[in-house]
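Novice: Got a predicted model here, sequence first, then my questions.
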Amino acid sequence: MEIEPPALEGALRRLTKGFPYSPKLWQDAYLAAFAAADDVPLVTLDQGFRKSRLIRSLILTPQ
């Protein structure tokens, strides 16, 4: 059974090209690539994703 979408590796490479090594940045990039590979928005509370124009995201704000 394949869990990761086939396009994940390409999306991750595109998002991390020239990336500095930082575990948090790579974890965020993996989540973003997973969403991008399935062509769905990344839904998150993490305001840091506002900076990225490479992915579709929906940033939720707690009330």
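Specialist: Structure received.
Novice: What are the buried residues along the helix or strand harbouring Gly10?
Specialist: According to DSSP states H and E, Gly10 maps onto helix 8-16. Judged by neighbour count (16 or more other C-beta atoms under 10 Å), helix 8-16 contains these buried residues: Leu8, Ala11, Leu12, Leu15, Thr16. In short, each C-beta sits where N, CA and C put it, glycine included.
Novice: Can you point out the buried residues in the longest helix seen in the chain?
Specialist: Longest helix in the chain by number of residues, with DSSP state H as the criterion: helix 23-37. Buried residues in helix 23-37, defined by neighbour count with 16+ other C-beta under 10 Å: Asp28, Ala29, Tyr30, Leu31, Ala32, Ala33, Phe34, Ala35, Ala36, Ala37.
Novice: how big is the angle separating that helix from helix 8-16?
Specialist: 130 degrees (axes from the mean of the first three to the mean of the last three C-alpha atoms, to 10 degrees).
Novice: Tell me which helix or strand comes right after helix 23-37.
Specialist: Using DSSP H and E, the helix or strand that directly follows helix 23-37 along the chain is strand 42-44.
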